[in-house]
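Chemist: Using only what follows, build the 3D model:
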Amino acid sequence: MFQQRQNEVEKLLSENIEFRRLYNKHQELDKQVHEAEIGLHPMEDLALVQLKKEKLWAKDRLAHILDHPQ
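Modeler: Okay, the predicted model is just below:
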């Protein structure tokens, strides 16, 4: 995620608590979605859709922070 902006991501991870929290949340959601999709931890379709929406929201918020540093 955000490979082309890795330096900015690393800086924000060390300096911005909200960014770090969202980044970790996104990583955890990504893991859960992947495990559900490969059948390691199956779940109902509706629950998987909800996880994907939450993951997308976190990614959008991370992108917003990257684009609008304080």
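Chemist: what residue is smack in the middle of this protein?
Modeler: The C-alpha lying nearest the average C-alpha coordinate of the chain belongs to H26 (CA atoms, centre = their mean; 2.1 Å).
Chemist: and that one, what does it touch?
Modeler: 1, 55, 58-59, 62 (CB atoms under 8 Å, 6 or more residues apart in numbering). Every residue, glycine included, has its C-beta placed from N, CA and C.
Chemist: Now, of these, which are buried?
Modeler: 55, 58-59, 62 (16 or more other CB atoms under 10 Å).
Chemist: Need those residues in JSON lines (columns: secondary structure, pLDDT and distance to L12).
Modeler: As requested, these are arranged in JSON lines below (DSSP: H, G, I helix; E, B strand; the rest coil; pLDDT from 0 to 100; distance: CB to CB, whole Å):
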{"residue": "K55", "secondary structure": "helix", "pLDDT": "97", "distance to L12": "19"}
{"residue": "A58", "secondary structure": "helix", "pLDDT": "98", "distance to L12": "14"}
{"residue": "K59", "secondary structure": "helix", "pLDDT": "97", "distance to L12": "14"}
{"residue": "L62", "secondary structure": "helix", "pLDDT": "97", "distance to L12": "9"}
